[in-house]
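Visitor: Sharing a model that was predicted from the sequence below.
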Amino acid sequence: MQKRISAPLTREEADGLSAGDSVLMTGVVYTARDAAHKRLTELIQAGKELPVDLRDAVIYYVGPAPAKPGQAVGSAGPTTSYRMDAYTPQLLDLGLRGMIGKGLRSREVIDSIRKNHAVYFAAIGGAGALLSARIVKSEVIAYPDLGAEAIHRFEVRDLPLTVVIDTNGNNLYETGVRDYLKTLER
């Protein structure tokens with residue numbers, strides 16, 4: 001069964017998700033990859049205002065391809081999340097509620113996810129063209145000089161995701177392997 005959730009993502013909604021849940025997300029999602037994350041943390045360290053309000057926000061680790069006629073964006077598949085790990089705890093402390101990417105996260109990020117009642121979602125790698133069909137609107141809101149890695153504001157409808165790390169720190173990458181190995185033992 002899939003859960004329908006909205007973005008921005010409230011703490012209560014995040015707390016209601018469990019590692020392994022399949023969700024369809026609708027609402028506003030921001031994009032940012034490592035270059036944008038670096039700039040955001042530099043602003044934080046300088047005590048300056050960020051170009052986006054991170055409270056309850058969801059960031060998708062993606063650099064979308066240019067849109068073809070009739071599309072909001074081109075292919076928009078997730079990038080590897082660990083590249084943002086050095087920056088993520090600072091953003092979570094400012095209220096970032098969700099992240100969308102692929103791959104493992106560091107222990108420091110997982111601890112910060114628990115502390116801040118956040119959620120890490122996985123999008124299907126290699127399915128960028130299919131995922132882009134769930135993005136109904138896109139606009140660059142910061143760092144246009146970064147090209148595809150600029151911060152975009154996406155409006156998404158029924159974006160298919162899996163909860164990988166929930167607000168309690170449960171990690172599907174660990175529990176899924178463990179559960180699978182148990183089935184082999186039977």
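Guide: It's in.

Visitor: what about the helices in this protein?
Guide: 11-15, 34-45, 88-93, 107-115, 128-132, 172-185 (DSSP state H).

Visitor: low pLDDT regions in this protein?
Guide: 176-177, 179-182 (pLDDT under 70).

Visitor: longest single strand anywhere in it?
Guide: Counting by DSSP state E, the longest strand found in the chain is strand 151-165.

Visitor: what inclination does it have with respect to helix 34-45?
Guide: 100 degrees (axes from the mean of the first three to the mean of the last three CA atoms, to 10 degrees).

Visitor: Let me know the angle separating strand 151-165 from helix 107-115.
Guide: Going by the same axes, to 10 degrees, strand 151-165 makes 90 degrees with helix 107-115.

Visitor: Show me what counts as buried in strand 151-165.
Guide: 151-152, 154-156, 159-165 (16 or more other CB atoms under 10 Å). To be clear about C-beta, it is placed using only N, CA and C from the backbone, and glycine gets the same treatment.

Visitor: cool, and stretch 42-61?
Guide: Taking 16+ other CB under 10 Å as the criterion, stretch 42-61 shows 44, 52, 54, 56-61 as buried.

Visitor: Run through who's touching that stretch.
Guide: Around stretch 42-61, the neighbours that count as contacts under CB atoms under 8 Å, 6 or more residues apart in numbering are 7-11, 25, 27-33, 40, 76, 78-81, 83-84, 90-91, 94-102, 121, 123, 141-143, 151, 153-154.
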